[in-house]
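here are the coordinates; sequence isn't available:
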């Protein structure tokens, strides 16, 4: 059942692209958020628990909020950008929460590579 949400999300994205390409402005208000809702349903059915679920789930929620804010009015443009900023921060937290600890020699080698590269 969880794969049907992914298929619906991909179909929703394709329909949204077609709507934008054809210039059907009013339908865009439904197709844009709907694709993300299907993606959220797939994510919710695929992962059970843990910090990845929290961070990426929050990222998807704020991405939906940002999409909706940017769809309706230019008056909410900054709010939509703020929602997308939080989205990217949550994704970064999710990507970095489970990384192993980095030791001092790693930072030394990274600094040396950056200095030699530049």
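In hand now; what should we look at? Keep in mind that what you see is a predicted model, and the values were worked out from it rather than measured.

Residue ranges in the chain under the pLDDT threshold?
Scanning the chain for pLDDT under 70 picks out 1-2, 51, 98-100, 102, 118.

what are the ranges of the helices in it?
Secondary structure of the chain (DSSP state H): helices at 2-22, 28-46, 51-72, 77-96, 104-117.

Turn those helices into CSV, including mean neighbour count.
Glycine gets a C-beta too; all of them are placed from N, C-alpha and C. What follows is these, written out as CSV (neighbours: other C-beta atoms under 10 Å):
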stretch, mean neighbour count
helix 2-22, 14
helix 28-46, 17
helix 51-72, 17
helix 77-96, 15
helix 104-117, 9
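
From residue 20, how far off is residue 30?
Between residue 30 and residue 20 the computed distance is 13 Å (C-beta to C-beta, to the nearest Å).

try residue 74
As judged by C-beta to C-beta, residue 74 and residue 20 stand 18 Å apart.

same thing with residue 34?
14 Å.

which neighbours do the two share?
Applying C-beta atoms under 8 Å, 6 or more residues apart in numbering, one finds that no residue jointly contacts residue 34 and residue 20.

now residue 31, nearest residue through space, not along the chain?
The shortest distance from residue 31 to any non-neighbouring residue, by C-beta to C-beta, 6 or more residues apart in numbering, is to residue 16 (4.1 Å).

If you could redo that for residue 38, that was the one I meant.
Per C-beta to C-beta, 6+ apart, closest to residue 38 is residue 9, 3.8 Å.
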